[in-house]
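1. Give me the fold of what follows.
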Amino acid sequence: MAADILSARDGGILTVTLFNPDKFNALDAAMWQRLAEVFAAADGDDTLRCVIVRGAGAAFAAGGDLAEGTDFARSARQQILIKAIVSKMTQISEWPHLWSAMGALQKSIYTNLSAYDLFSFVRKMDLNNAKRIGLTNQNVLVDGTSSDGQYILQPRDGNWSLIPQYIQQQLGS
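-> Predicted structure coming up:
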C-alpha cells in the first residue's frame, strides 16, 4: 500500500493514522495535502470530541520525507498552509481563533507588517494560478562547494543576474 493518511471515525472520536511505515511515517507532499483535507473536513464538526493522530508500525513520524526536501517541496507545503490560512481568514466566524493563533506565532514570525497589512497581502495572493519555477543544476545553477566544504548550488559562472533573467523568462514577461 502506498503512503497515505488513513482516517476512521468511531462516534465522537476521529483516529488519523500516518501510513508510511517503510519510511517511519515520514510525510511526503501528498500526505501533507491529505492531512490538511482530513483536518479541514473535521473542522467545525460539533459532534467530534477527540482527534487521535498515530503512526503506523513502530514509529509515530520521522517528520518530512527528505526525498521531498527540495525547495520546491517546501514551497508546495507552504502554499498548502497559506491556502488554509486564507480560507480561515475569509470566514468571519474564525477571526477570534486567528487572533489567538497570530499571538502564538508572534514569537516565531518577525515582521513589521500590521495584522491588517498581512491580511491584505494574503487576500491578494492567487496561489491557485501561481507559477512554479524551480532553480536547479538543470537550468541556471551549478553544483559547487562552499569554503567550509559544504555542497551548494550557485549561479552558473558566478553570474547572479542569470537567476532573475531565468525567472522573467519562465514567467513570460
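2. Flag the helix or strand of this protein with the lowest per-element mean pLDDT.
-> Sorting the helices and strands of the chain by mean pLDDT, DSSP states H and E puts helix 95-105 at the bottom, at a mean of 63.
3. So which residues of this structure form strands?
-> Ranges of strands within the chain are 4-10, 13-19, 50-55, 141-145, 151-155, based on DSSP state E.
4. which residues in the protein form helices?
-> Here the chain has its helices, by DSSP state H, at 29-42, 71-89, 95-105, 115-124, 162-171.
5. list the buried ones in stretch 27-42?
-> Residues 27, 28, 29, 31, 32, 34, 35, 36, 38, 39 are the ones in stretch 27-42 that count as buried (16 or more other Cβ atoms under 10 Å). Quick note: C-beta positions are derived from backbone N, CA and C, even for glycine.
6. Tell me which of the strands of the chain sits nearest to residue 84.
-> Distance to residue 84, taken as Cβ to Cβ, is lowest for strand 4-10 among the strands of the chain, at 15.1 Å.
7. which stretches of this protein aren't confidently modelled?
-> For the chain, applying pLDDT under 70 flags the ranges 1, 63-79, 81-82, 85-86, 88-89, 94-116, 118-119, 122, 127, 173.
8. Contacts only, for the residue nearest to residue 20 when sequence neighbours are not counted.
-> Leaving aside its chain neighbours, residue 20 sits nearest to residue 3 (3.7 Å; criterion: Cβ to Cβ, 6 or more residues apart in numbering). For residue 3, the contacting residues are 19, 20, 23, 28, 30, 31, by Cβ atoms under 8 Å, 6 or more residues apart in numbering.
9. Over to residue 3: give its phi and psi.
-> Main-chain torsions, residue 3, degrees, to the nearest 10: phi -60, psi 140.
10. where's it relative to residue 153, distance?
-> Distance check for residue 3 against residue 153: by Cβ to Cβ, to the nearest Å, it reads 28 Å.
11. Also residue 125?
-> Residue 125 is 27 Å from residue 153, where distance means Cβ to Cβ.
12. do the same with residue 166
-> Look at residue 166 and residue 153: by Cβ to Cβ, they are 13 Å apart.
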